[in-house]
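Trainee: quick one: sequence plus predicted model below, questions after.
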Amino acid sequence: MIEKAFVIPFEYLLELSNKKSKEDILKLLESLKSKVDALLIKKDSNYTELRTKEDMEFFLESLKSSTAVMYFDGSSKGNPGKAGIGVVIRLPDKVIKISRYIGKATGNEAEYKALIEGLRKAKELGIKNLVVKGDSQIVINQVMGKYRVKNERLKNLYTQVKELERFFNSIYYEKIPREQNREADNLSARALS
């Protein structure tokens, strides 16, 4: 029986693992563990118990190796007009890039289509934990549930995103500045030429 435990949300550790080194996270976990009997990682209604340093190292290694970071962007000339998408998926051992012309679309439609294409590719690759980064305030906030989807044309795209999310163990969205999304932006622009 655990006398004293500290519960850490899985999503927090996932976010942390993409910003900090494994060693830094291990130091944080060890300092927390020194104050309690066990660390509990909560994911949905399930808990993973980390009792020893070996447990922590194994958990962090599996978290790092099973997590991918995806950047997405969409471009439209004319809004609606000629549109392209760009996606970059970073895995521990490789980088996948997608650049594709999608025909006529608005900027927001192109952003959604880039996100959908990236999620489909991540699913195809068997990725289970995914951090998604994009510079579209509307799309990121809509898929996170902060904004309502009012536009009828975007509702179908939003539904496709939500259906694809079911294939992942965890998915974390982050709105990033445009300058941090240059690679995906360049790929979406290249699709228009």
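Mentor: All right, it came through fine.
Trainee: and residue 54, that one's in a helix?
Mentor: Yes: read with DSSP: H, G, I helix; E, B strand; the rest coil, residue 54 is one of the residues of a helix.
Trainee: in its sheet, what does the host helix or strand of residue 86 sit against?
Mentor: Using DSSP states H and E, residue 86 sits in strand 81-90. Using DSSP bridges, the strands paired with strand 81-90 are strand 67-77 (antiparallel), strand 95-105 (antiparallel).
Trainee: buried sites along the last one?
Mentor: To tie it back to what came earlier, the one meant is strand 95-105. Across strand 95-105, burial judged by 16 or more other Cβ atoms under 10 Å covers 96, 98-100, 102, 105. Just so you know, the C-beta spots here come from the backbone N, C-alpha and C atoms, and that holds for glycine as well.
Trainee: ditto for stretch 177-188
Mentor: 181, 183-188.
Trainee: distance between the ends of that stretch?
Mentor: End-to-end distance for stretch 177-188, by Cα to Cα, to the nearest Å: 16 Å.
Trainee: got CSV for the strands paired with strand 81-90, with mean pLDDT and distance to residue 111 too?
Mentor: Shown next, in CSV, are these (pLDDT from 0 to 100; distance: least, Cβ to Cβ, whole Å):
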stretch, mean pLDDT, distance to residue 111
strand 67-77, 94, 4
strand 95-105, 97, 9
